[in-house]
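Colleague: Build me a model from this:
(chains A and B)
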Amino acid sequence: MLLNLIIAGLVLGSIYGLIALGYSLIYKASGLMSFVQGDIMTVGAYLGLTFYHILKLPFAVSFLLSILCAFFLGMLLEKGVIRKLLNKNVMPIYVVLATIAISYIIQNALMLGYGSITLFYPSVFNVTSVKVWAANIQPEALLCLGTSLVAMVLLHFFMTKTKLGTAMRAAAMDSVAAESCGINVSLSTGITWGLSAGLAAIAGMLLGPMYGVFPILGATIGRKGFSGAVVGGYGNMYGSILGGILLGLLETLVAGYVSSVYKNLFAYIILLIFLFLKPTGIFNERAIQDV
Amino acid sequence: MDLPNRPKKNRTLLNISFAAVALLIPLLAGGQEYTLLLFCIIEVYIIAVSGLDIVFGYCGQISLGHAAFYAIGAYGTAILHNTFGLPILLTMILSASLAALIGALLAYPASKLVFHFLSLSTIAFGEIVYQFLIHSPGGITKNFNGLFTQRFSIFGYVFRTNAAWYYFGLICVAVFLGAKYYLVNSKTGRAFTAIRENTHAANGMGINVRKYKVMAFATSAFYTAFAGAMYIHLASYVHPDTFTQRQSVLFLTMLLFGGSGSLLGPIFGVVSVELLIESLRAFQDYQVLIYGVLMLIVIVALPGGLYGGFRDIAILGKGFLKNHSRHRLDKGRE
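Modeller: Reported below is the predicted structural model:
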């Protein structure tokens, strides 16, 4: 029972972690909050379903294709909408509302395109369960854990070891100084949004085979992902992952041992507690307070 | 805010014509109950959005959780009336006061948070209230079944037609907008504006920033909760799904569409957005899609809102080529 819950918690936690990671990347690169992250995750799940189930491509190929599509969707979002708004020098609330509007558009468009019923992936593996110690685990859950771990490690090396990753961190830290060093800040901000969207698509592709896919799959997870990001320290890559995993674990344990009715309440209560008492999160990311 | 240079007489004339149109609407609707109902809902939204305007337009604090206050008002009045049999008007004021108290309790710790994180805390608050509505202890909110109310009556007068309700709503709108007018032109209102323009400077001038932020949130919650109480007595039934985050976003859209930080802005915004949504009713499946696209177009093309747009044209027409108000709207809250 406990082991099952822990694995389920880790699975959910790694999804929250991927979403929260996207939030942190975007916040670091452009100081903005994106409310479409969850819906891009849904798009990723639907794209994966289309490639894998309808076009009958291998799972790995459809996985990469849907990440690629999401990457360009994220970049398009930044270049087409966010950058335009920022250039107009509007109040920040308009950027928030623009992302909310886009999330409505995505949800409704998916509903029109695929219908509002839950669609299921055909199983990715031939076996239905794997025995880990005493627990029977869905192989898709292990895939989810492994892939998100790999994605996070790859991202870490990309950000710290490659030239582009270093340039992106520099652009996020001080855009004027980075610009004067010859870094294309506009491009690197776009890539950051694309990367975040790609991470969301990974989450969608991993969650889809377990939960099924429906148009508002990502809406709730996207909102709870904020909780993970704040717990870890908003804007901190590693903090977001840790915060997401902690949140997933705690939420699953609360649902298992205390009450499943208040499961959905838990993430928001944690979010409020952290915002009020420790807004800088576990990793003590730079102060986000006023006065 | 009002135009500084517009002659006083002109404004009185404008107010009188507004009042006349508002009073004549039931006659113009010619007994069409549905049209009248639409105007009743517009009245409810005007109060709710004016409340949001106090906290957002004047004090510069963002809220994406006002649907929660709306819910507290609606459920509060119904539960108080159904369980304790208190007079309806009293329960409306009580539930709005409760919402103001909750708003103050939320704003006290939240007042140190900046923009994005304040919006996150209000989203979390909205979700918590929504979860409470659908999983209430003891089922006092009737969860997913929704809550019914008894027929709306005040001092023994029973409201049977939408026209009667419309005039009740009109009185409420007049009272709340009047109160808002006095509030924003008072010392408190000036403190709100100072906080919006520059929090640090306001603090340096001796304004107790936290106190005024809490006051703005509480007042705003009172307005929106009272509107919620009006709503439940208009519809005589509520379902928890009325109070999701989408409702909060709708309030904010109406406010920004009309133009924030003014008395007339919320009215413009509510009327235009409500009529727009009503005209989309034929395209049920595409409604949210069209709504999202329109929202995006307005955000990208008309960031000052309708009222801001009108005002700019009016100012240009009067020869004030220096586009002062638009500049303030765009640059104000960064």
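Colleague: Any idea how many residues pack against the closest residue to B:L234 other than its chain neighbours?
Modeller: Leaving aside its sequence neighbours, B:L234 sits nearest to B:C40 (CB to CB, 6 or more residues apart in numbering or on different chains; 5.4 Å). In short, each C-beta sits where N, CA and C put it, glycine included. Counted with other CB atoms under 10 Å in any protein chain shown, residues neighbouring B:C40 total 23.
Colleague: Tell me the confidence at residue 130?
Modeller: Reading this off chain A. A:V130 carries a pLDDT value of 78.
Colleague: not what I meant, chain B
Modeller: B:Y130 carries a pLDDT score of 93 in this model.
Colleague: and the helix or strand it falls within, anywhere near chain A?
Modeller: Of the helices and strands defined by DSSP states H and E, B:Y130 is found in helix B:115-134. Yes - where contact is defined by CB under 8 Å from any CB of the partner chain, part of helix B:115-134 touches chain A, namely B:115-117, B:119-121, B:123-125, B:127-128, B:131-132.
Colleague: With neighbour count as extra columns, can I get these in a markdown table?
Modeller: Output for the residues of helix B:115-134 next to chain A, formatted as a markdown table (neighbours: other CB atoms under 10 Å in any protein chain shown):
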| residue | neighbour count |
| --- | --- |
| B:F115 | 20 |
| B:H116 | 19 |
| B:F117 | 23 |
| B:S119 | 24 |
| B:L120 | 29 |
| B:S121 | 26 |
| B:I123 | 21 |
| B:A124 | 29 |
| B:F125 | 24 |
| B:E127 | 26 |
| B:I128 | 19 |
| B:Q131 | 19 |
| B:F132 | 19 |
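Colleague: with those in mind, which one is nearest to A:L143?
Modeller: Nearest to A:L143, judged by CB to CB, of the residues of helix B:115-134 next to chain A is B:E127 at 30.1 Å.
Colleague: Would you state the helices of chain B in chain order?
Modeller: Ranges of helices in chain B, per DSSP state H, are B:8-29, B:33-53, B:66-84, B:88-110, B:115-134, B:162-184, B:187-197, B:199-204, B:209-235, B:245-258, B:264-279, B:287-301, B:305-317, B:324-331.
Colleague: Among those, which comes closest to A:L206?
Modeller: The minimum distance between A:L206 and the helices of chain B falls on helix B:115-134, with 24.4 Å, by CB to CB.
Colleague: orientation of that closest one relative to helix B:245-258 in degrees?
Modeller: Relative orientation of helix B:115-134 and helix B:245-258, computed by axes from the mean of the first three to the mean of the last three CA atoms, to 10 degrees: 130 degrees.
Colleague: contacts for stretch B:223-232?
Modeller: Here stretch B:223-232 makes contact (CB atoms under 8 Å, 6 or more residues apart in numbering or on different chains) with B:41, B:43-45, B:47-48, B:50-52, B:54, B:66, B:69-78, B:91-93, B:95-96, B:98-100, B:147, B:149, B:169, B:172, B:176, B:180, B:238, B:251.
Colleague: B:F56: what's it in contact with?
Modeller: With contact set as CB under 8 Å, 6+ apart, B:F56 has these partners: A:93, B:62-63, B:252, B:255, B:260.
Colleague: if you set the cut-off to 10 Å instead, what comes out?
Modeller: Shown in contact with B:F56 (CB atoms under 10 Å, 6 or more residues apart in numbering or on different chains): A:91, A:93, B:49, B:62-63, B:66, B:196, B:216, B:220, B:251-252, B:255-256, B:260-261, B:333.
Colleague: which of those residues tops the neighbour count?
Modeller: B:H66 leads the contacts of B:F56 on contacts (other CB under 10 Å) with 35 neighbours.
Colleague: can I assume that one is in contact with B:R246?
Modeller: No - B:H66 is not in contact with B:R246 according to CB atoms under 10 Å; the separation is 11.7 Å.
Colleague: Could you identify the buried members of the contacts of stretch B:223-232?
Modeller: B:41, B:43-45, B:47-48, B:50-52, B:54, B:66, B:69-78, B:91-93, B:95-96, B:98-100, B:147, B:149, B:169, B:172, B:176, B:180, B:238, B:251 (16 or more other CB atoms under 10 Å in any protein chain shown).
Colleague: Need the pLDDT of B:G305.
Modeller: Looking at B:G305, its pLDDT is 66.
Colleague: should've said B:V114
Modeller: pLDDT for B:V114: 79.
Colleague: A:G281 now?
Modeller: If you check A:G281, the pLDDT there is 83.
Colleague: How about it, nearest residue that isn't a chain neighbour?
Modeller: Per CB to CB, 6+ apart, closest to A:G281 is A:G233, 3.0 Å.
Colleague: buried ones in stretch A:176-186?
Modeller: Here stretch A:176-186 shows A:178, A:183, A:185 as buried, counting by 16+ other CB under 10 Å.
Colleague: Now do the phi/psi pair for A:L18.
Modeller: Dihedral pair for A:L18: phi -60, psi -40, per degrees, to the nearest 10.
Colleague: Tell me how far it lies from chain B.
Modeller: Using CB to the nearest CB, to the nearest Å, A:L18 is found at 19 Å from chain B.
Colleague: Can you name the residues that contact that residue?
Modeller: Contacts of A:L18 by CB under 10 Å, 6+ apart are A:37, A:41, A:144, A:147-148, A:151-152, A:155, A:196, A:198-204, A:206-207, A:221, A:225, A:228, A:240-241, A:244.
Colleague: cool, and B:P109?
Modeller: Shown in contact with B:P109 (CB under 10 Å, 6+ apart): A:272-273, A:275-277, A:279, B:121, B:210, B:214.
Colleague: what about it, distance to B:A225?
Modeller: 20 Å (CB to CB, to the nearest Å).
Colleague: What residues does the stretch 51-200 of chain A have near chain B?
Modeller: By CB under 10 Å from any CB of the partner chain, the residues of the stretch 51-200 of chain A that approach chain B are A:80-81, A:84-85, A:88-109, A:111-112, A:116.
Colleague: so how many other residues sit close to B:I207?
Modeller: Using other CB under 10 Å, B:I207 has 18 neighbouring residues.
Colleague: okay, B:G138: pLDDT?
Modeller: pLDDT for B:G138: 76.
Colleague: right, I mislabeled it, should have said B:A225
Modeller: B:A225 carries a pLDDT score of 96 in this model.
Colleague: ditto for the one 10 residues further on
Modeller: Per-residue confidence (pLDDT) for B:A235: 89.
Colleague: Surely it is in contact with B:N162?
Modeller: No - in terms of CB under 10 Å, B:A235 does not count as a neighbour of B:N162; the distance is 11.4 Å.
Colleague: Give me the common contacts of the two.
Modeller: Applying CB under 10 Å, 6+ apart, one finds that B:A235 and B:N162 are jointly contacted by B:37, B:40.
Colleague: Residues of the stretch 1-150 of chain B that sit close to chain A?
Modeller: By CB under 10 Å from any CB, the residues of the stretch 1-150 of chain B that approach chain A are B:56, B:60, B:62, B:64, B:106, B:108-132, B:134-135, B:137.
Colleague: quick revisit: list just the nearest of the buried residues of stretch A:176-186 to chain B.
Modeller: Distance to chain B across the buried residues of stretch A:176-186 (CB to the nearest CB) is lowest for A:V185, with 19.1 Å.
Colleague: ok, the closest one - contacts?
Modeller: Neighbour list for A:V185: A:29-30, A:167-168, A:170-172, A:174-179 [criterion: CB under 10 Å, 6+ apart].
Colleague: Return the member of the residues you listed nearest to B:D285.
Modeller: Closest to B:D285, out of all of those and judged by CB to CB, is A:S30, at 34.1 Å.
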